[in-house]
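Enquirer: Below is the sequence, then the predicted model.
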Amino acid sequence: MTEAEQAIGTPEAGKAEEGAVAGADGAQGGRGQRRIAVLLAVAAVAYLLDLGSKLFVVAKLEHHDAIEVIGTWLQFEVIRNRGAAFGFGEAMTIVFTVIAAGVIVVIARLARKLYSVPWAIALGLLLGGAFGNLTDRVFRAPGGLQGAVVDFIAPAHFAVFNLADSAIVCGGFLIVILSFRGLDPDGTVHKD
């Protein structure tokens, strides 16, 4: 039975609820753990891809001319960004570090009620991206929670970004779509 059928009360939903009450710890606990595993797996993949790409481009591309991937439409060019998107707020690096840490705490709290695979994917993308940029803020020069984030994907006429930024944006879009569709992190669906 789908999450939507459970939420809108099909005849199967009543039977599923009875089964969940009868074996509350067994059925529901395992179901929730699987969603947390999805969240952690997506976060780990997003984080490792971001970290690996940054290590590679810093080692091979920093202090070199931009590499054309698709002519001038898409290039790889390493820059160090102390601010947020589009270089906004370069003097507020510590604020962005605190915000990233706050996002991680909120996702950890939401994970306790997570019974939806789409939400697990969305939150995993946000978590992996937040950890990716937070790693730069903590460990890159000048240090002290003020490190510059490594950005290297440079589309023409757009800001330079990295894979962590992409994961955060994709996770955010997915959350917006899930919210408009009425799907909550606990798997219930709201029909308006």
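Expert: Here it is on my side, so go on.
Enquirer: Show me the strands in this protein, by range?
Expert: Per DSSP state E, the chain has strands spanning 67-70, 74-81, 149-155. These are given in chain order.
Enquirer: So which residue is dead centre in the protein?
Expert: L126 (1.6 Å; Cα atoms, centre = their mean).
Enquirer: surely it meets I168?
Expert: Yes - L126 is within contact range of I168, at 5.9 Å (criterion: Cβ atoms under 8 Å). C-beta coordinates here come from the backbone N, C-alpha and C atoms, glycine included.
Enquirer: and the longest helix anywhere in the chain, what other elements does it pack with?
Expert: Ranked by residue count under DSSP state H, the longest helix found in the chain is helix 29-60. Secondary-structure packing of helix 29-60 (3 or more Cβ pairs under 8 Å, 6 or more residues apart in numbering; DSSP states H and E): strand 74-81, helix 93-111, helix 117-139, strand 149-155, helix 163-180.
Enquirer: what is the mean pLDDT for the second one?
Expert: Confidence for helix 93-111, expressed as mean pLDDT, is 86.
Enquirer: Other residues contacting that helix?
Expert: Here helix 93-111 makes contact (Cβ atoms under 8 Å, 6 or more residues apart in numbering) with 36, 39, 82-84, 89, 123, 126-127, 130-131, 133-134, 137-138, 145-148, 185.
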